[in-house]
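> quick one, structure for this:
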Amino acid sequence: MSHSVRFTEANPELANLKLSWATPVFSDEDGIGSLDSLHQAGDAFVAVGMMGSDGPTIMGSGVMVAPGMALTATHVIDEIEAAGGAPLLLTFLPDAARAWVPIGISTLSGPSAFYDDVRVSSDITLISCSLNSDALAAAPLSLAPMRVALPLLGDRLWAIGFRHQDLHEGAALISPMVSSGIVTQAFPMGRGERMPSPCFEVGMETIGGMSGGAVVNAEGEVVGIVSSSPDGGPSYMTLIWDALRLRVAGPIPALSKTESVSLLGAKAVGLARLAGDVDRNPWGEVTFNLSTEEATLFAASAAIDQMEAPDGRVLTRDERSDFIETWGSEMEDEGALAVVMALTRFSVPRMARFLEAAGVPGDLLTSVSSFSVEDFEGVEDLELMRAEERPDGKTDVEFFLRMLMIVWTLEMPAEFYAAHADAISNEFLNIEVTGGTARMEFIHRAYFRLEAVLVPDAEVFTDMIVTSSALIPSRRAR
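Okay, the predicted model is just below:
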């Protein structure tokens with residue numbers, strides 16, 4: 001069956017398409033084969049290619065996981081760019097196709113441990129894209145659900161992708177492929193610089209063009225993408241873990257409330273489905289908790305030199321909950337006091353930088369002569385990120401909390417205030433002018449991260465310091 005698609009300008013109807021998370025069912029048999037049609041596995045599965053002088057060439061595969069948000073392999077994008085092309089994406093319906101053009105591409109990279117001029121990249125890339133064809137509104141937009149997991153040895157997985165066969169009269173001949181096999185090894189810390197991200201080995205064959213394609217479990221949930229395979233197998237798959245740290249431009253209004261959006265952000269508004277015990281803190285750090293079986297495999301699979309051994313015993317998640325139950329009130333009280341003391345010690349220039357980051361226009365702070373800080377409503381959202389019992393019986397803790405109302409009282413020359421009265425009135429509250437001095441308040445909320453040491457025998461926390469903050473946009477006075 002042939003499919004044709006006409007590329008158009010970005011189609012805003014993407015935002016109005018009905019969504020479907022229906023998943024395909026495949027047989028429990030080893031091997032690789034062609035699907036009966038381009039759409040048999042569903043239109044969540046993506047062909048990634050480029051347009052050449054003779055027509056389109058499919059270079060790899062991908063999977064749509066939110067409206068206009070797809071995962072693929074970094075090396076597929078690199079190959080397209082090296083060939084002088086620009087990526088385009090295609091998804092297939094029974095008698096039609098949708099075309100997509102990237103508007104944002106994101107992956108992780110870092111310096112090589114061996115070469116000063118080389119950067120090492122994760123092989124999973126998050127793409128945001130506009131719909132550049134007819135919306136085909138009668139057909140829902142199929143999306144693939146995801147799961148954050150470490151597949152266990154012996155688990156059966158399936159890989160879905162597209163293989164470019166030929167060009168005929170300007171049309172690409174494409175074969176949809178599926179392969180199945182059993183997980184044989186796990187590499188939760190990566191396989192060196194060629195595959196630096198968490199990955200795993202599956203006893204299956206995958207072929208050219210399937211790179212970047214979805215790797216799914218028996219429930220049809222995407223756990224990774226195809227990265228590489230020697231002839232005849234096995235295949236190496238990159239887990240989706242790193243993709244949770246990526247951000248791209250939002251492809252539709254519901255995903256454009258901020259400058260960029262993550263998969264967790266798409267999940268938060270109901271536009272992506274992601275299973276697994278995953279948390280993201282106010283600093284954007286993503287953590288997730290493995291099952292007992294996954295944790296055992298992780299520990300057994302990671303090389304000894306890749307794992308940093310703690311000096312003491314790290315508390316488990318349940319033990320951290322018990323710790324909060326016992327010491328949470330003291331942590332809140334001492335933490336709030338430490339925050340106020342840290343802010344009070346700011347110099348005036350540092351205070352100005354902090355408040356500018358909180359949303360106050362910097363030009364309104366240039367004449368501030370003095371300030372004070374007050375905690376007005378206490379704290380909430382205390383979370384213990386890490387606790388480690390030391391050999392000496394003390395416990396090192398790292399935690400964060402949210403200050404509900406921080407009140408800054410600023411003083412500046414009355415003359416400066418008079419010259420900027422309208423702008424200052426939009427940002428500050430309770431403005432008073434006495435003699436030559438104007439006094440005003442700025443109120444905002446923020447998260448603060450702290451470290452401390454618990455001395456259990458004395459029932460006190462010592463060495464409490466604030467290490468960073470995550471500011472929450474202020475409620476304007478206007």
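> would you put the C-alpha positions of the helix or strand bottoming out on mean pLDDT in the chain in PDB?
Least confident helix or strand, the chain: strand 31-34 with a mean of 72, by mean pLDDT, DSSP states H and E. Written as PDB, here are the backbone C-alpha positions of strand 31-34 (Å, rounded to 0.1, in the frame of the first residue of the first chain):
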ATOM      1  CA  GLY A  31      13.400 -13.300  15.400                       C
ATOM      2  CA  ILE A  32      12.900 -10.400  13.100                       C
ATOM      3  CA  GLY A  33      10.400  -9.800  10.400                       C
ATOM      4  CA  SER A  34       8.400  -7.300   8.400                       C
END
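> any idea which helix or strand comes after it?
Sequence-wise, the next helix or strand downstream of strand 31-34 (DSSP states H and E) is strand 45-52.
> tell me which other helices or strands that following strand touches.
strand 55-66, strand 69-73, helix 74-82, strand 88-92, strand 156-168, strand 171-187 (3 or more C-beta pairs under 8 Å, 6 or more residues apart in numbering; DSSP states H and E). To be clear about C-beta, it is placed using only N, CA and C from the backbone, and glycine gets the same treatment.
> quick check: phi and psi at Phe354.
phi -60, psi -50 (degrees, to the nearest 10).
> same check, this time on Val25
Torsion angles, degrees, to the nearest 10, at Val25: phi -120, psi 130.
> and the pLDDT at the closest residue in space to it that isn't next to it in sequence?
Spatial nearest neighbour of Val25, excluding adjacent residues (C-beta to C-beta, 6 or more residues apart in numbering): Gly220 at 7.5 Å. Note on Gly220: pLDDT of 93.
> what of Gly359?
With respect to pLDDT, Gly359 has a value of 90.
> that one against His444, yeah?
Yes: under the criterion of C-beta atoms under 8 Å, Gly359 makes contact with His444 at 7.4 Å.
> which one of the two is surrounded by more residues?
His444 (19 against 15; other C-beta atoms under 10 Å).
> now the more buried one: how far from Thr409?
To Thr409, His444 is 13 Å away according to C-beta to C-beta, to the nearest Å.
> and Leu143, by the same measure?
In terms of C-beta to C-beta, Leu143 sits 50 Å off from Thr409.
> what do you get for Val453?
Counting by C-beta to C-beta - Val453 and Thr409 are separated by 32 Å.
> do the same with Gly328
In terms of C-beta to C-beta, Gly328 sits 30 Å off from Thr409.
> can you give me the domain assignment for this structure?
12-289, 313-472 (automatic domain parsing).
> show me where the stretch 151-300 of the chain has strands.
156-168, 171-187, 199-202, 214-216, 222-228, 235-239, 274-275, 278-280, 286-288 (DSSP state E, counting those that start in this stretch).
> so, low pLDDT: which residues of the stretch 351-478 of the chain?
The stretch 351-478 of the chain contains residues with pLDDT under 70 at 473-478.
> now the strands for it?
370-375, 379-389, 395-413, 429-434, 437-455, 460-472.
> distance to Gly42 added to the ones you listed, as TSV?
As requested, the strands of the stretch 351-478 of the chain are exported to TSV (distance: least, C-beta to C-beta, whole Å):
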stretch	distance to Gly42
strand 370-375	53
strand 379-389	38
strand 395-413	40
strand 429-434	54
strand 437-455	40
strand 460-472	39
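> reformat the strands of the stretch 151-300 of the chain as TSV; add mean neighbour count and distance to Ser425.
Converted to TSV, the strands of the stretch 151-300 of the chain look like this (neighbours: other C-beta atoms under 10 Å; distance: least, C-beta to C-beta, whole Å):
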stretch	mean neighbour count	distance to Ser425
strand 156-168	20	59
strand 171-187	20	59
strand 199-202	26	56
strand 214-216	29	54
strand 222-228	27	51
strand 235-239	27	52
strand 274-275	18	44
strand 278-280	16	36
strand 286-288	15	40
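> right, and these - which one's nearest Ala300?
When those are compared by C-beta to C-beta, strand 171-187 sits nearest Ala300, at 8.3 Å.
> average pLDDT for the closest one?
Mean predicted confidence for strand 171-187 is 84.
> what packs against that strand?
Against strand 171-187 (3+ C-beta pairs under 8 Å, 6+ apart) you get strand 31-34, strand 45-52, strand 55-66, strand 156-168, strand 199-202, helix 292-301.
> partner strands of it, with direction?
Taking DSSP bridges as the criterion, strand 171-187 forms sheet pairs with strand 31-34 (antiparallel), strand 156-168 (antiparallel), strand 199-202 (antiparallel).
> adding distance to Met464, write the ones you listed out as TSV.
Output for those, formatted as TSV (distance: least, C-beta to C-beta, whole Å):
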stretch	distance to Met464
strand 31-34	58
strand 156-168	47
strand 199-202	40
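> which of those sits closest to Ser20?
Across those (criterion: C-beta to C-beta), the nearest stretch is strand 156-168, sitting at 16.4 Å.
> now that closest one: average pLDDT?
Mean predicted confidence for strand 156-168 is 77.
> ditto for stretch 257-271
Here the average pLDDT along stretch 257-271 is 93.
> go on, stretch 293-301?
The model assigns stretch 293-301 a mean pLDDT of 88.
> quick one: buried residues of that stretch?
If you call a residue buried by 16 or more other C-beta atoms under 10 Å, then stretch 293-301 has these buried ones: Glu294, Leu297, Phe298, Ser301.
> mind listing what the nearest residue in space to the second one that is not next to it in sequence touches?
So that's Leu297. In space, and not counting its chain neighbours, Leu297 is closest to Ala186: 5.4 Å by C-beta to C-beta, 6+ apart. Neighbouring residues of Ala186 by C-beta atoms under 8 Å, 6 or more residues apart in numbering: Leu150, Pro151, Leu153, Phe200, Glu201, Leu297, Phe298, Ser301.
> who's Ala186 bridged to?
Phe200.
> how near is it to Ser369?
60 Å.
> one more: Asp117?
Using C-beta to C-beta, Asp117 is found at 50 Å from Ser369.
> for those two, indicate the residue with more neighbours.
Using other C-beta under 10 Å as the criterion, Asp117 and Ser369 rank with Ser369 on top: 12 against 6.
> which ones are touching Met237?
By C-beta under 8 Å, 6+ apart, the neighbours of Met237 are Leu157, Ala159, Cys199, Phe200, Glu201, Val202, Val215, Val223, Gly224, Ile225, Val226, Ser227.
> doesn't Phe187 make contact with the fourth one?
Think Phe200. Yes: between Phe200 and Phe187 there is a contact at 6.2 Å, judged by C-beta under 8 Å.
> measure stretch 276-288 end to end?
8 Å (C-alpha to C-alpha, to the nearest Å).
> what pLDDT, on average, does that stretch get?
The pLDDT scores in stretch 276-288 average 86.
> picking up where we left off before, distance to Leu274 added to the buried residues of stretch 293-301, as TSV?
Output for the buried residues of stretch 293-301, formatted as TSV (distance: C-beta to C-beta, whole Å):
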residue	distance to Leu274
Glu294	16
Leu297	21
Phe298	20
Ser301	23
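> compare the strands of the stretch 351-478 of the chain and give me the one nearest Pro349.
Of all the strands of the stretch 351-478 of the chain, the one in closest proximity to Pro349, counting by C-beta to C-beta, is strand 370-375 (11.4 Å).
> torsion angles phi and psi at Ala130?
Wrong residue type there; residue 130 is Ser, not Ala. phi -90, psi 150.
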